[in-house]
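Visitor: Return a 3D structure for these sequence lines:
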Amino acid sequence: MKVNINGYIIPNNYKQVYDWFGMESCCPNDIKIAKDQAPGEPLDITIGTCYGGDIFAGSEIGSEIAACEKGSTGKIMGLAASAASVLAMYINHLSMAPTAMLMAHNVSSHVEGDYHVMGTEKSTLINCNKAMAAAYSHKSGMSENEALKMMDNETWLTAQQAKEKGLIDEVMFEGNPEGFVNAVGPGMIPKAVVDKTLKMLNEKKDTKQIDLAKAKLNLIEKTII
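Guide: Numbering: from 1, shown residues only. Purely as a prediction, here's the structure:
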């Protein structure tokens, strides 16, 4: 069963918002639906250009891939960044285009509060890093410390470098000249916008309000590029 992963990794309840705004995304339900539609088939996964996103949604997607009884094959065609690179580690046989890139970095978050809150958030982020590092270690055999160092340095890997580290199994079209790509995402939809849009869609607001929400999102995107 073919599955395409592009754009952002998001929770299930964000999907209708991203679809409505015409932004590519992948949520855990996308993988579940693909498996249900073809229960006797292996997953054939293509990661086009995926900027990453929610780590817990990424973990759930990776677990769904790993749980596929018929196994999985996959290819990275453009960019597998952040959470996308983590879920890719669950693919049984992973190949990568010679001009594609894989990026690993530390987990980040946004919080407000006093030093108690900040201290708790620091501990949480450290543990989240270790959870994500476990996926890189599982695929490649590298130690936890090696995986954490790779993340801490915000490492961008070419296909050949990813293969050397054991993070992929094969470079596609091996023997062709290897190139590089530049890819910067426009930024995920802020949570406040997602929440307001969900409320708006659920209440079936009129067209003028929908157009206004879309205009506000355009302004928000311009400020986070």
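
Visitor: For the helix or strand encompassing Asn4, which helices and strands make contact with it?
Guide: Per DSSP states H and E, Asn4 falls inside strand 2-9. For strand 2-9, the helices and strands in contact under the criterion 3 or more Cβ pairs under 8 Å, 6 or more residues apart in numbering; DSSP states H and E are strand 25-26, helix 28-37, strand 43-53, helix 55-66, helix 83-88. Where you see a C-beta, it was placed from the backbone N, CA and C, and this is true even at glycine.

Visitor: partners of the next helix or strand after the last one in the sheet?
Guide: Using DSSP H and E, the helix or strand that directly follows helix 83-88 along the chain is strand 93-96. Looking at strand 93-96 with DSSP bridges, its paired strands and their directions are strand 72-81 (parallel), strand 170-171 (parallel).

Visitor: returning to that earlier point: His116: which of the helices and strands packed on strand 2-9 is closest?
Guide: helix 55-66 (23.2 Å; Cβ to Cβ).

Visitor: tell me the average confidence for that closest one?
Guide: Per-residue pLDDT over helix 55-66 has a mean of 97.

Visitor: again, but for stretch 157-165
Guide: Averaged across stretch 157-165, the pLDDT comes to 97.

Visitor: For it, give me every contacting residue.
Guide: Contacts to stretch 157-165, defined as Cβ atoms under 8 Å, 6 or more residues apart in numbering, come from residues 76, 96-104, 140, 142, 150, 167-172, 178, 180.

Visitor: Likewise for stretch 62-78?
Guide: Counting by Cβ under 8 Å, 6+ apart, 28, 31-32, 35, 40-49, 86-97, 100-102, 135, 159, 168, 172, 181, 183 sit against stretch 62-78.

Visitor: Swap in 6 Å and give it another go.
Guide: The contact list for stretch 62-78 (Cβ atoms under 6 Å, 6 or more residues apart in numbering) reads 31, 41-49, 87, 90-97, 100.

Visitor: Quick one: buried ones out of those residues?
Guide: 31, 43-45, 47-49, 87, 90-92, 94-97, 100 (16 or more other Cβ atoms under 10 Å).

Visitor: residue contacts, Ile47?
Guide: Contact partners of Ile47, counting by Cβ under 6 Å, 6+ apart, are Ile5, Ile76, Ala80, Ala84.
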